[in-house]
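In: predicted model and sequence below, questions to follow.
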Amino acid sequence: MKKIAVIPARYAASRFPGKLMQLLGNKPVIRHTYDNTVATALFDEVWVATDSEIIFNEIKSHEGNVVMSTRFHESGSDRIAEAVKDMDADIIVNVQGDEPFVQRNALEKLLEVFKNTSGGNAQVASLMQLMQDQENIDDPNYVKVAVDKNSLALFFSRSVIPFPRSRETAINYYEHIGVYAFTKNILLAFTQWPQTPLERAEKIECLRYLENGISIKMILVDYMGIEIDTPEDLVKAAKFFSGN
């Protein structure tokens, strides 16, 4: 089973343009993500797929694997699909460029879903972590996921889900970590489906899978660090980085 990690790296992020080239310590966020993914030693190859010459040159100048997108893409998955369509691979892992603290243990658990069957019944898997900070639970920049008893995703939302209508019921809130694994076939199929209504409304690409009847297996992992979506997140990430 050949496993490839691809890091989609869009420069002009809507909430924080250029965030992947912001310095975290002595190197940009995108290089932390790339280097930490390579350091897991879980993948046959690790690539960055980008629309930016700045990011392309940053990775290339440090002898990393990088491919330039040839057209505009609606989502990171679409960008990855373009990059891997002619590559020999069974399982593709999407590691978001703004996840500089990605860890081996979490990615290893994700790959376990596909380990024994080269995909088998599993076609898509992703990560989640327990949320305990009420401010983050209420924040629409943090995507929440609700799961069934088998840890299959029921819904993803920027809203608070589930809503605590009953204050007597204990609720676990889970943050969706934007790291996915897919079989190559389902990833390529994803790119042929039009954007779906819930996906467009929430701006969450994995809803396209649910709206097309594809299950997503969610893996609960320990704290993964900070996903950088806003300038405030970068400040938090810098404090977290300096403490490690």
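Out: Okay, I see it.
In: could you use CA atoms for every contact and neighbour count after this?
Out: OK.
In: show me what the longest strand anywhere in the chain pairs with in its sheet, parallel or antiparallel.
Out: The longest strand of the chain (DSSP state E) is strand 173-183. Counting by DSSP bridges, the strands paired with strand 173-183 are strand 91-95 (antiparallel), strand 124-131 (antiparallel), strand 144-147 (antiparallel).
In: show me where the protein has helices.
Out: 29-39, 53-61, 76-84, 104-112, 134-138, 184-190, 197-202, 207-211, 231-242 (DSSP state H).
In: how many neighbouring residues does L152 have?
Out: 17 (other Cα atoms under 10 Å).
In: over to Q22?
Out: Neighbours around Q22, by other Cα under 10 Å: 15.
In: measure the nearest residue to it once chain neighbours are set aside to I54 for me?
Out: The shortest distance from Q22 to any non-neighbouring residue, by Cα to Cα, 6 or more residues apart in numbering, is to P28 (5.2 Å). Per Cα to Cα, to the nearest Å, P28 is found 11 Å from I54.
In: for the strands paired with strand 173-183, which one ends up most surrounded?
Out: strand 91-95 (a mean of 25; mean count of other Cα atoms under 10 Å).
In: and the gap between the residue of the chain most remote from its centre and A146?
Out: The centre of the chain is farthest from one residue, E168, which by Cα atoms, centre = their mean lies 33.4 Å away. Distance of E168 to A146, given as Cα to Cα: 19 Å.
In: next: L24.
Out: For L24 relative to A146 (Cα to Cα), the value is 32 Å.
In: kindly report the same for N65.
Out: Taking Cα to Cα, one finds N65 at 35 Å from A146.
In: burial of E74, as a residue count?
Out: 11.
In: please read the previous query as pertaining to Y11.
Out: Residues near Y11, counting by other Cα under 10 Å: 19.
In: show me what contacts it?
Out: P17, G18, K19, L20, T50, D51, S52, I55 (Cα atoms under 8 Å, 6 or more residues apart in numbering).
In: same thing with E45?
Out: Contacts of E45 by Cα under 8 Å, 6+ apart are K3, I4, A5.
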